[in-house]
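[1] Got a predicted structure plus its sequence, pasted below:
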Amino acid sequence: MATLRQLEYFATVVDTGSFTQAAHRLRVTQPALSHQMRALEQAVGGPLLERLPRTVRLTPMGRAMLPHARAALADVKRAQSAARQAGGLEAAELHLATLYSITLGVLPNVLRIWRQQHPGTQIRLFEHWHTNRLTNAMAAGQADLAVGPRPSGWDGPIHDIGIDEFVIVVPADDPATSDQATHIELTALADRAWVHFPPGNGLGDILDQACAAAGFQPRIAVRTEQTSAAPLLAAAGIGPTLVPAHIIPVGFDGRLLHPHPPVRRTLTAYTRTSPDPLTTAFIHTLTQHARLLPPHLQTLLHTQNSHHPTPPTP
């Protein structure tokens, strides 16, 4: 049976890419480290690492085992922290993994209320550009709770938060829209150059998928890594963009339009196992106070009927 020490050694060798560097970080001799790695490989029934001249590479068995090893080590750290919190030796800390756009739009109000209710609790955020990276990091034990689109094939508990509406942003005087318009066919913008996002950014994937469903590939006017900059650039006339409605700030002077067909994703909170009392309390605050359609947008935008299909949501 694998021991926690062996799992720690395995993860450290992978992180450093070297038995020598791993031994130095762990403050053990290299022969002792190699012995523990051989014992671990014997316990699991095969090689986990391929030793190369200047580095190491995971074998298929090693790739399968690594996320479980990281999750086990993370769970031990959380167990130690919980015991210290119960003994009054440290303040409670909640580790929360999410997407950058959710940090920008959904979490500020939730965290404000949480801090009022639990002033002694610390929050540590781990932010990701893409749902797949968020899900993989959560599976590897990065955080106590993930907040993001519904993960595919997730085995642990999932709590629905609500429907995340996406909006098209154009300048207030955009010639393609009338003053009374609240919706727009994506095909009406097929000839435009768009405010887009870099490869690997989930919002860029959503934009590409929505345009592909409408029968065209968006041309690029500019790519921005800053989620908050996209609607500002669009309002300035650089090109239209597609973003979650909840990131639009109060006093925004661009025009917001529902795309047709609509673009949505279901936001959830999910854990690997049954959440502890602190995580459960945060999930309750999140589901009660998350604003997926902020009050300042409700007079302009309204939710479509639920029978419309929801596209893939990276």
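    Thanks, I have the structure now.
[2] can you give me the helices for the chain?
    Per DSSP state H, the chain carries helices over the ranges 4-16, 19-26, 30-44, 60-86, 100-105, 107-117, 131-139, 202-213, 229-235, 277-289, 295-298.
[3] Quick check: buried residues in the strand ranked longest in the chain?
    When the chain is parsed with DSSP state E, its longest strand is strand 158-170. Buried residues in strand 158-170, counted by 16 or more other Cβ atoms under 10 Å: 159, 161-170. Where C-beta positions appear, they are placed from N, C-alpha and C, glycine not excepted.
[4] In this protein, where is pLDDT below threshold?
    For the chain, the stretches with pLDDT under 70 are 80-91, 178-181, 295-314.
[5] how about a cut-off of 80?
    For the chain, the stretches flagged by pLDDT under 80 are 1-2, 53-54, 75-92, 175-181, 293-314.
[6] who's Leu257 bridged to?
    Going by DSSP bridges, Leu257 is paired in beta bridges with Ile168.
[7] so Pro261 sits right up against Cys211, yeah?
    No: the pair Pro261 / Cys211 is not scored as a contact, 11.3 Å apart, by Cβ atoms under 8 Å.
[8] Can you get me a residue count around Thr103?
    Thr103 is flanked by 18 other residues according to other Cβ atoms under 10 Å.
[9] Let me see the contact set for it.
    Counting by Cβ atoms under 8 Å, 6 or more residues apart in numbering, Thr103 makes contact with 125, 127.
[10] let's see it at 6 Å
    Thr103 makes contact with Glu127, according to Cβ atoms under 6 Å, 6 or more residues apart in numbering.
[11] So if I had to pick from Pro261 and Cys211, which one is more boxed in?
    Neighbour count, other Cβ under 10 Å: between Pro261 and Cys211, Cys211 has more, with 20 against 16.
[12] What sits closest to the more buried one if chain neighbours are left out?
    Distances taken as Cβ to Cβ, 6 or more residues apart in numbering put Pro218 closest to Cys211, at 4.7 Å, once the chain neighbours are dropped.
[13] what about that neighbour, neighbour count?
    Counted with other Cβ under 10 Å, Pro218 comes out at 24.
[14] Quick check, it in contact with Ala210.
    No: under the criterion of Cβ atoms under 6 Å, Pro218 is not in contact with Ala210, lying 8.9 Å apart.
[15] Leaving out chain neighbours, which residue sits closest to Ala193?
    Closest to Ala193 by Cβ to Cβ, 6+ apart is Ala221, at 3.7 Å.
[16] sorry, that was for Asp155
    Nearest to Asp155 is Arg272, by Cβ to Cβ, 6+ apart, at 8.0 Å.
[17] Got the domain ranges for the chain?
    Split into domains by automatic domain parsing, the chain comes to 4-69, 75-160+267-294, 163-264.
[18] Now do the shortest one: distance from first to last residue.
    What that stands for is domain 4-69. Start and end residues of domain 4-69 are separated by 8 Å (Cα to Cα, to the nearest Å).
[19] And the last one, by the same measure?
    From its first residue to its last, domain 163-264 covers 7 Å (Cα to Cα).
[20] so how many other residues sit close to Asp155?
    Counted with other Cβ under 10 Å, Asp155 comes out at 10.
[21] again but with Glu225, I slipped
    Neighbour count for Glu225, taken as other Cβ under 10 Å: 12.
[22] how near is the nearest residue to it once chain neighbours are set aside to Ala137?
    Distance criterion Cβ to Cβ, 6+ apart; nearest residue to Glu225, sequence neighbours excluded, is Pro198 at 5.7 Å. Distance, Pro198 to Ala137, using Cβ to Cβ, to the nearest Å: 19 Å.
[23] How about Pro249?
    As for Pro249, its distance to Ala137 is 28 Å (criterion: Cβ to Cβ).
[24] and the two? which has more neighbours close in?
    For Pro249 versus Ala137, the count of surrounding residues by other Cβ under 10 Å is larger for Ala137: 17 against 12.
[25] quick one: the nearest residue to that one once chain neighbours are set aside and Ala230, what's the gap?
    Closest residue to Ala137 apart from its sequence neighbours, by Cβ to Cβ, 6+ apart: Ala97 at 5.7 Å. According to Cβ to Cβ, Ala97 and Ala230 sit 22 Å apart.
[26] out of those two, which sits in the busier spot?
    Between Ala97 and Ala230, counting by other Cβ under 10 Å, Ala230 is the more crowded of the two (29 against 22).
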